[in-house]
Each structure stands twice: as C-alpha cells, then as structure tokens.
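Participant: with the input below, show me the fold.
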Amino acid sequence: MRVRLRFKHNPRGRARGVPKVRRKPDVVTPEEMAGTLAALLHPAAAILFAIAAWRLGQDFGFARDFFVTDGPFSHWQPWFGAAAAVLSAALWLNRRSRPARVRLDDDEPATS
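Facilitator: A predicted model of the protein is given here:
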C-alpha cells in the first residue's frame, strides 16, 4: 500500500488558517509537563509490576523472602493494582501530551 501526501505550496511558509504561535522558550506548556510526568510514570509502573511478580513468585516458592512480611502490602494484589493504576495514569498523560490536531477548512476527510 502506498500513501501519497500532497502539500499545497504556501509562499508564507505555513498552512493557511493556522496562526503562528509565539511563546517564551522558558515557559513549560501543560502538554510538555504531561509528557514528562508520563515518561517518569512508565518506569515506576514497571517496578511495581516487578514487585508484584516477586511477591507472587514468593507465594509459589520460586523467589526468596519478600521485604514486606505483614500488612496489606505483604500480598501481590495491592502491588499489581498499584502498577495497573500507575500505568493507566501514564497512558492517559501520554494521550494528553499530544498536541491537538488542527484540521484546516480545505482538508478533505480521509477515506479508506
């Protein structure tokens, strides 16, 4: 399958109808902040999944002693739930960090 992109030449160097955005370089946009936080949450979710796997492995006798011996976090389910919550938050922030897609008036909808 071959996809062709056609761009109309604009002598001013930008698409019609799209305003030029000027901002200070030291200002952090909410999209950039969301992307940064999402990038930090992905490894945290991986660590939580690894802790859940360690605790589950200790239940089956594959792993050595777990570092939490009693209390609610001595089971694998809270670790797995926390990992799932952190990962879903990271995915939501990743989606929020993408800039909004600008659709021009003269664009035609894509057909398949």
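
Participant: residues near residue 72, how many?
Facilitator: Burial of residue 72 is recorded as 8 neighbouring residues (other Cβ atoms under 10 Å). No exception for glycine: its C-beta is placed from N, CA and C like everyone else's.

Participant: make that residue 96, sorry
Facilitator: By other Cβ under 10 Å, the residues close to residue 96 number 14.

Participant: could you find the closest non-adjacent residue to it?
Facilitator: residue 34 (4.6 Å; Cβ to Cβ, 6 or more residues apart in numbering).

Participant: SS state for that neighbour?
Facilitator: Classification of residue 34 using DSSP: H, G, I helix; E, B strand; the rest coil returns helix.

Participant: pick out the residue nearest the middle of this structure.
Facilitator: Centroid-nearest residue in the chain: residue 94, 2.7 Å away (criterion: Cα atoms, centre = their mean).

Participant: count the neighbours of the residue nearest to residue 96 for me.
Facilitator: Based on other Cβ under 10 Å, the number of other residues close to residue 34 is 18.

Participant: hmm, back to that, before we move on, which element is the closest residue to the residue nearest to the centre of the chain other than its chain neighbours in?
Facilitator: Of all residues not flanking residue 94 in the chain, residue 38 sits nearest, at 4.4 Å (Cβ to Cβ, 6+ apart). Secondary-structure assignment from DSSP states H and E places residue 38 in helix 30-60.

Participant: who does the one helix or strand residue 78 maps to touch, helix- and strand-wise?
Facilitator: Under the criterion of DSSP H and E, residue 78 resides in helix 76-97. Counting contacts by 3 or more Cβ pairs under 8 Å, 6 or more residues apart in numbering; DSSP states H and E, helix 76-97 is packed against helix 30-60.

Participant: buried ones in the helix it packs on, by neighbour count?
Facilitator: By neighbour count with 16 or more other Cβ atoms under 10 Å, helix 30-60 contains the buried residues 34-35, 38, 41, 45, 48-49, 51-56, 58.
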